[in-house]
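Engineer: just coords:
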Ligand code: HEC
Ligand code: HEC
Ligand code: HEC
Ligand code: HEC
Ligand code: HEC
Ligand code: HEC
Ligand code: HEC
Ligand code: HEC
Ligand code: HEC
Ligand code: HEC
């Protein structure tokens with residue numbers, strides 16, 4: 001329920017523009033999103049068939065097999081007004097994910113991290129009317145995923161099975177340590193992003209974060225070198241399976257840069273680094289908390 005409220009807020013910021021404009025933003029933001037469908041006609045023969053597929057063949061189409069469409073139930077039922085307000089096109093029913101969530105209301109459980117495109121725009125991946133691809137997708141799998149997640153960027157090969165065998169395209173259950181950043185959770189994307197301009201960031205480096213977290217680097221004697229250059233070395237800006245929006249659990253994070261052997265030479269095999277050290281600044285050379 002919390003999510004729904006959030007999405008309501010978000011759509012004010014994100015979706016007050018036309019669908020074309022939105023799609024354009026999406027295409028700039030997410031390279032490779034396929035173009036809009038051409039003009040749509042009211043589906044013919046909508047009352048036939050008991051399943052939701054329809055073979056749209058015409059008499060002239062006898063040589064090649066006509067594509068078989070998966071038709072979205074409300075479209076097939078000609079329940080156009082559940083999504084459109086044709087009398088006043090400028091005030092269509094709802095927009096963005098809220099439109100889809102008005103019926104698909106089991107999405108986005110309270111305890112979940114979201115796949116960003118799913119909270120931005122369902123139509124990045126789905127068509128609202130009909131598609132030749134199951135689940136009303138705009139593109140075949142795995143190409144759909146690979147347009148945004150380049151093969152070279154993946155931590156594993158692409159031929160291990162269908163992407164959705166292992167990944168949920170909409171949300172992931174949040175683990176016990178998970179954290180969500182308040183401005184992200186509340187849908188205040190525009191605090192950090194120029195949402196009208198491909199989600200460009202308003203500021204670079206630490207400035208963006210120090211806008212609200214000035215006390216993180218308030219001028220103690222010693223500043224941890226990475227904290228001086230970029231908060232994103234250790235944090236993610238939106239959501240994380242780790243506490244404190246960290247990219248990795250604390251010890252793994254610290255030992256990524258600090259050689260374990262060297263650290264153990266200095267003070268033996270200790271864990272819980274942050275019970276003694278601060279990650280940002282301190283008045284002690286060894287970044288101690290006390
Ligand atoms: C599930 C919601 C939904 C239903 C039901 C629906 N539409 Fe749409 N329709 C949309 C959305 C969303 C778009 C915008 C597509 C985009 O931006 O890519 C759209 C776009 C359109 C367009 C503009 C052309 C285009 O594809 O952009 C027309 C015309 C249209 N719909 C007609 C209809 C008719 C006629 C019906 C009933 C037979 C209908 N729609 C049922 C959601 C729906
Ligand atoms: C990143 C692409 C992507 C986005 C964005 C996306 N979906 Fe999906 N969706 C998929 C894929 C892929 C499947 C097929 C899942 C499978 O094969 O298990 C699917 C399946 C579905 C299904 C049918 C199966 C089910 O889980 O119930 C529904 C309904 C659905 N999506 C609705 C939505 C809605 C509503 C939104 C926006 C809030 C959305 N999707 C956003 C990719 C996406
Ligand atoms: C008026 C209610 C309504 C709205 C609004 C709506 N849907 Fe659906 N949708 C349905 C129903 C009903 C089904 C069929 C569910 C079933 O078979 O269990 C369905 C099925 C689907 C499926 C599965 C299709 C398949 O058979 O593979 C997807 C994907 C989907 N919807 C996406 C969307 C998206 C994206 C939007 C927003 C553009 C949307 N829906 C808006 C009612 C709606
Ligand atoms: C429209 C672009 C787009 C599409 C299509 C898309 N994704 Fe994503 N995906 C994103 C973005 C943006 C993120 C968030 C990345 C971030 O936070 O740095 C993301 C995050 C992820 C993550 C989590 C990575 C992380 O850093 O936490 C996984 C896993 C993932 N996507 C899998 C998929 C799968 C599987 C598909 C196909 C069903 C898919 N994506 C389709 C844009 C997309
Ligand atoms: C057999 C299960 C499986 C399949 C199939 C699979 N993945 Fe993954 N994927 C994983 C696991 C497990 C991870 C986490 C690996 C890690 O963190 O090192 C992962 C990680 C990712 C990430 C990065 C997440 C992050 O945290 O940075 C993306 C993006 C992703 N997969 C996309 C895809 C796409 C796209 C496909 C289809 C071409 C796919 N995966 C198929 C299991 C799978
Ligand atoms: C506190 C500031 C902040 C807020 C609030 C925020 N973002 Fe971001 N976002 C960032 C930063 C910083 C990056 C770049 C991350 C990086 O480079 O690792 C980013 C990256 C992204 C990306 C590109 C992802 C990728 O890795 O390609 C998308 C899409 C995005 N944000 C969407 C959103 C949406 C949608 C919201 C609102 C629900 C939001 N952001 C709220 C700071 C923020
Ligand atoms: C618009 C103000 C704002 C901006 C900008 C901002 N934050 Fe935050 N941040 C908050 C708020 C509010 C909280 C919640 C504070 C609390 O719970 O005491 C928070 C909490 C956090 C937390 C603690 C999370 C937790 O679960 O304990 C971290 C880490 C964090 N922010 C990092 C960042 C980073 C990194 C950036 C830059 C990308 C950033 N913040 C930018 C407002 C902001
Ligand atoms: C070297 C990794 C690292 C860098 C770089 C870093 N942080 Fe952190 N940050 C952490 C760790 C680890 C914690 C958790 C500390 C704890 O639990 O005591 C944390 C916690 C936080 C918190 C939660 C409140 C607190 O102080 O415990 C905020 C807010 C925060 N960081 C903001 C920032 C900002 C802003 C920057 C950039 C100026 C930044 N961080 C750079 C590792 C880092
Ligand atoms: C991105 C790399 C990076 C990460 C991650 C990182 N550090 Fe550092 N750390 C540095 C650098 C660089 C210095 C400065 C080293 C120097 O001056 O020789 C430093 C200095 C220190 C110092 C001061 C002692 C010294 O050698 O000057 C301590 C203590 C320390 N880090 C602890 C931590 C802890 C605890 C974490 C995990 C929260 C952490 N570091 C994560 C790069 C990192
Ligand atoms: C029980 C408290 C405690 C814990 C836990 C702890 N440290 Fe330390 N650490 C210290 C103290 C005290 C020093 C200063 C030692 C000295 O100067 O002789 C120090 C020094 C360091 C230094 C500077 C070493 C050098 O080259 O001078 C690094 C780096 C460091 N710790 C990293 C870590 C990391 C990474 C962890 C977690 C795996 C960690 N520490 C856990 C107390 C702790």
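Structural biologist: Great, that's in hand. What you are looking at is a predicted structure, and each value in this text was computed from that prediction instead of being measured. Residues are numbered from 1 along each chain as shown. Ligands and ions are numbered 1, 2, ... in the order given.

Engineer: which residues in the stretch 51-200 of the chain form strands?
Structural biologist: Per DSSP state E, counting those that start in this stretch, the stretch 51-200 of the chain carries strands over the ranges 53-55, 68-71, 112-114, 130-131, 171-173, 179-180, 193-194, 200-201.

Engineer: Which one of the ones you listed lies nearest to ligand 8?
Structural biologist: Closest to ligand 8 of the strands of the stretch 51-200 of the chain, according to Cβ to the nearest ligand atom: strand 179-180, at 9.4 Å. The way it works is simple: take the backbone N, C-alpha and C, and place the C-beta from them, glycine included.

Engineer: and the strands of the stretch 51-200 of the chain as TSV, adding mean pLDDT?
Structural biologist: Shown next, in TSV, are these (pLDDT from 0 to 100):
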stretch	mean pLDDT
strand 53-55	48
strand 68-71	91
strand 112-114	92
strand 130-131	94
strand 171-173	92
strand 179-180	94
strand 193-194	94
strand 200-201	94
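
Engineer: want to throw those into CSV with mean neighbour count and distance to ligand 2?
Structural biologist: Converted to CSV, the strands of the stretch 51-200 of the chain look like this (neighbours: other Cβ atoms under 10 Å; distance: least, Cβ to the nearest ligand atom, whole Å):
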stretch, mean neighbour count, distance to ligand 2
strand 53-55, 15, 15
strand 68-71, 18, 11
strand 112-114, 19, 9
strand 130-131, 20, 11
strand 171-173, 14, 9
strand 179-180, 18, 17
strand 193-194, 16, 18
strand 200-201, 12, 21
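
Engineer: closest to residue 251 out of these?
Structural biologist: strand 179-180 (17.0 Å; Cβ to Cβ).

Engineer: near ligand 5, which residues of the stretch 1-150 of the chain?
Structural biologist: Counting by Cβ under 6 Å from any ligand atom, the residues of the stretch 1-150 of the chain close to ligand 5 are 142, 145-146, 149.

Engineer: Report the buried members of those.
Structural biologist: Buried members of these, scored by 16 or more other Cβ atoms under 10 Å, are 142, 145-146.

Engineer: rewinding a little: the strands of the stretch 51-200 of the chain into CSV, with extra columns for distance to residue 276?
Structural biologist: Formatted as CSV, the strands of the stretch 51-200 of the chain follow (distance: least, Cβ to Cβ, whole Å):
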stretch, distance to residue 276
strand 53-55, 63
strand 68-71, 58
strand 112-114, 30
strand 130-131, 56
strand 171-173, 33
strand 179-180, 22
strand 193-194, 36
strand 200-201, 34
